[in-house]
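any chance you can model this:
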Amino acid sequence: MSKVTQTAAEFKLPVEKLLGDWIVCIPGFTLDKYRKLQRSQLSIFAMNCFGGFISHTLGLPFRTPIINMFFSEQDFVRFLRAPRICLEYSPHFEKLSEPTVENPDGYPILSLGNISLNMMHYRRADDAISTWNARKTRINWYNLFVMMFAEDENILREFDALPYGKKVCFVPFKSDVDSAWYVKFGVDKGAKNFIDAVNRFGGGHVFYYDPFDMLLYGKKTPLIEM
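Numbers count the residues shown, from 1 in each chain. The predicted structure follows:
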C-alpha cells in the first residue's frame, strides 16, 4: 500500500481516493468509518508490534516511532505517563539482546532515559535510532490510541489509570475494568499463545472486535462470542 501511496502522490492524487481491496472485507467496514479513520491522522502507541500490524492491515501510515519493537510492561506504562518528556531524550545504544532466530547476533536495545527500547526487527543500532528519530516527528498528539496487553491485573489497573481517551489493554481474563478487552486464547487455532493471539488480531487473522470502532472511538464492539 505504501508504494501505491507514493505513486499516487507523484500524480498528486488525494490519499482519500485510495482503498485497498482487502480492507472492504474487514468486519465492521463502512466507507464512512474508513474515511473518518484516514482523516483522523491517528497515532498509535502500542507496547509491541501490534501498532505496525494493525496499520498494515488497515492501510494506514505510521505516525509513530513505536514500530518493529517492544517495551516491557513497566517501561511502557512509564513511557505513557510522560511520553512528550520521554521523546525529548535521544535514544542511544545500550546493549545487544540474547541471540534470536531472526538476529543470531542479537538485536539492539536502546536507552531512552530510564526506559529500554527493544528493537527486535533491526540489526544495527544506528538504523534503529535514525528510524525512531524520523518517525517521532510524525506523531499527532491530538489523536492518540494507546494499546498494551497484560496477564497481571495489577498492570491492567496501572494502565487503566492513565489519562488517555482511547486506551485498550488486551487481557486473557474477563474484567470489569473499562480499558480491559478480553481475548480468549484458543479461539484462533493458529495462535501459539495469548500474545500471539493479540498480534494476529492486529494482523487481520481473527477480528475479536471491530477495529474501526476501536481506533476511531475506543469503542468495544465484539465481533465474535468469547
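
can you pull out the helices in the chain?
Using DSSP state H, the helices found in the chain span residues 2-10, 31-40, 50-58, 73-81, 83-88, 125-135, 153-160, 194-202, 211-217.

need those helices in JSON lines with distance to F145 and mean pLDDT, can you?
Where you see a C-beta, it was placed from the backbone N, CA and C, and this is true even at glycine. As requested, these are exported to JSON lines (distance: least, CB to CB, whole Å; pLDDT from 0 to 100):
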{"stretch": "helix 2-10", "distance to F145": "20", "mean pLDDT": "79"}
{"stretch": "helix 31-40", "distance to F145": "9", "mean pLDDT": "94"}
{"stretch": "helix 50-58", "distance to F145": "8", "mean pLDDT": "95"}
{"stretch": "helix 73-81", "distance to F145": "12", "mean pLDDT": "97"}
{"stretch": "helix 83-88", "distance to F145": "13", "mean pLDDT": "96"}
{"stretch": "helix 125-135", "distance to F145": "16", "mean pLDDT": "96"}
{"stretch": "helix 153-160", "distance to F145": "13", "mean pLDDT": "97"}
{"stretch": "helix 194-202", "distance to F145": "12", "mean pLDDT": "97"}
{"stretch": "helix 211-217", "distance to F145": "6", "mean pLDDT": "98"}
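
and the ones you listed as TSV, adding distance to M147 and mean neighbour count?
Shown next, in TSV, are the helices of the chain (distance: least, CB to CB, whole Å; neighbours: other CB atoms under 10 Å):
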stretch	distance to M147	mean neighbour count
helix 2-10	22	10
helix 31-40	15	14
helix 50-58	6	21
helix 73-81	10	18
helix 83-88	14	14
helix 125-135	17	16
helix 153-160	10	18
helix 194-202	9	22
helix 211-217	9	20
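
tell me how the chain divides into domains.
11-64+139-217, 73-136 (automatic domain parsing).

now the longest one: how far from the chain's centre is it?
It stands for domain 11-64+139-217. Put simply, domain 11-64+139-217 sits 7 Å off its chain's centre (CA atoms, centre = their mean, to the nearest Å).

V4: which of the domains of the chain is closest?
domain 11-64+139-217 (6.2 Å; CB to CB).

report the central residue of this structure.
G51 (1.7 Å; CA atoms, centre = their mean).

and the gap between that one and L60?
10 Å (CB to CB, to the nearest Å).

again, but for F173
Computed as CB to CB, the F173 to L60 distance reads 30 Å.

more neighbours: those two, which one.
Comparing F173 with L60 by neighbour count (other CB atoms under 10 Å), the higher total belongs to L60, at 20 against 13.

which ones are touching that one?
Counting by CB atoms under 8 Å, 6 or more residues apart in numbering, L60 makes contact with 37-38, 42, 54.

cool, K167 as well?
The neighbours of K167, taking CB under 8 Å, 6+ apart as the test, are 145-147, 159-160, 179, 218.

can you do 10 Å?
By CB atoms under 10 Å, 6 or more residues apart in numbering, K167 lies in contact with 45, 80, 144-148, 159-160, 178-179, 181, 218.

just the pLDDT for it.
With respect to pLDDT, K167 has a value of 98.

run through the bridge partners of it.
Beta bridges link K167 to V146, judged by DSSP bridges.

from E153, how far out is it?
16 Å.

next one: A134
As judged by CB to CB, A134 and E153 stand 37 Å apart.
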